[in-house]
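**Student:** Here you go, sequence then predicted model.
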Amino acid sequence: MAPSSVFMEKLIRAEQLNDVDGEVGSAQSHVGLCYLQGAEGVRMDKGEAVKWFTRAGTAGHAGAQFQLGDIYAAGLGVVKSWKTAVSWLEKSALQHNANAQFRLAECLSTGVVGVKMDVRRALNLYRLAAAQQQSDGSAQDLNSTSPKGYAFVCCAQNALGDCHSHGTHGVARDYPLAVEYYRKAAEHGCTGGLWNCGDVYLTGTRGCRKDFPLGIKYMKAAAACGSPGATVWVDRLREERACMACGKPRALTKCGRCNEDRYCDARCQLVAWRHPTASHKLQCPAHSTRNNHQSTSSSA
């Protein structure tokens with residue numbers, strides 16, 4: 001497969017010396033990403049990826065600096081070096097790259113090889129990353145070459161939830177604040193945030209009132225994102241034929257639409273269907289399929 005026209009255009013731009021508007025650095029980073037992933041008709045070549053990311057990172061491109069941090073941390077095409085990884089992440093974080101701020105906070109939280117643990121600074125970096133958001137409120141893809149990088153904003157929010165939930169990183173234990181951060185993370189699709197929200201509402205812990213329909217909504221979403229713990233939760237509830245409104249096992253009544261969710265009786269089903277934020281009536285797969293079919297029929 002021949003390289004795409006987009007790649008060739010970026011390559012030509014990347015080879016230019018004059019970078020007044022920062023487009024050369026973005027093009028170099030784009031070329032590096034293509035070689036790293038084997039995308040846009042280019043064969044995977046980690047050595048070439050490092051070369052182009054280094055050119056962009058040395059010129060000050062924050063997105064490339066973050067990628068280099070990840071590359072050296074994992075030893076992708078280079079000798080693994082936490083010291084070099086942290087050095088690149090520091091450069092990127094100073095330019096307010098949220099992904100780098102989160103990664104650097106993780107390194108400082110545990111004290112990786114050659115890097116001294118500093119939980120206070122890690123907490124500050126989590127806060128800086130968690131506060132960032134794109135103008136449209138969406139999370140940016142991790143593999144984006146954007147200098148800002150927003151993919152880990154939700155991970156930083158979840159990490160702050162953990163700090164306040166367990167009273168680590170020099171903060172007092174504060175369950176309401178922890179759950180608030182978990183909710184923010186879950187809203188942006190963070191698997192950890194979804195799991196934590198599911199756990200607190202299913203068990204009624206960490207200062208939350210037990211809310212089974214809401215808890216199972218979060219837990220199903222976490223399982224769909226690949227969370228092993230959430231998958232175990234959901235599978236166990238199905239094996240127990242648990243009621244999706246109260247959690248009691250051996251429920252006999254099934255949802256007449258999807259034939260999957262079970263309830264103790266009509267009263268429990270009504271509770272689940274009328275739930276203000278986790279209504280099974282709106283989430284039911286059969287309901288979604290029916291609506292899509294009706295939309296297709298009306299547009300036809």
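**Tutor:** Everything's here; your move.
**Student:** which stretches of the protein have low pLDDT?
**Tutor:** Within the chain, the segments meeting pLDDT under 70 span 1, 7, 11-13, 17-22, 134-150, 286-300.
**Student:** can you pull the contacts of Gln101?
**Tutor:** Contacts were defined as Cβ atoms under 8 Å, 6 or more residues apart in numbering; by that measure Gln101 touches 93, 125-126, 128-129, 132, 152, 156. Yep, even glycine has a C-beta here, placed from its N, CA and C like the rest.
**Student:** Is it located within a helix, as I assumed?
**Tutor:** Yes: counting by DSSP: H, G, I helix; E, B strand; the rest coil, one finds Gln101 located in a helix.
**Student:** Pull the number of nearby residues for the nearest residue to it once chain neighbours are set aside.
**Tutor:** The shortest distance from Gln101 to any residue that is not its chain neighbour, by Cβ to Cβ, 6 or more residues apart in numbering, is 3.9 Å, and that residue is Ala129. A total of 29 residues lie near Ala129 under the criterion other Cβ atoms under 10 Å.
**Student:** Looking at the contacts of Gln101, which are in helices?
**Tutor:** 93, 125-126, 128-129, 156 (DSSP state H).
**Student:** now those in CSV, with distance to Ala251?
**Tutor:** Putting those into CSV (distance: Cβ to Cβ, whole Å) gives the following:
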residue, distance to Ala251
Ala93, 50
Leu125, 46
Tyr126, 41
Leu128, 46
Ala129, 42
Ala156, 39
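**Student:** Between those, which sits nearest Asp211?
**Tutor:** Ala156 (25.8 Å; Cβ to Cβ).
**Student:** I figured that closest one hits Asn99, correct?
**Tutor:** No: with contact defined as Cβ atoms under 8 Å, Ala156 does not count as touching Asn99 (9.4 Å).
**Student:** For the stretch 201-300 of the chain, which segments count as strands?
**Tutor:** Counting by DSSP state E, counting those that start in this stretch, the segments of the stretch 201-300 of the chain that form strands are 253-254, 262-263.
**Student:** residues touching His164, list them.
**Tutor:** With contact taken as Cβ under 8 Å, 6+ apart, His164 is in contact with 171-175, 177-178, 181.
**Student:** Let me know the secondary structure of it.
**Tutor:** Under the three-state scheme (three-state DSSP), the conformation of His164 reads as helix.
**Student:** deepest of the strands of the stretch 201-300 of the chain, which one?
**Tutor:** Each of the strands of the stretch 201-300 of the chain was scored by mean neighbour count; the highest is strand 262-263, a mean of 24, by mean count of other Cβ atoms under 10 Å.
**Student:** what's it in contact with?
**Tutor:** With contact meaning Cβ under 8 Å, 6+ apart, strand 262-263 is reached by 241-245, 251-255, 269, 272.
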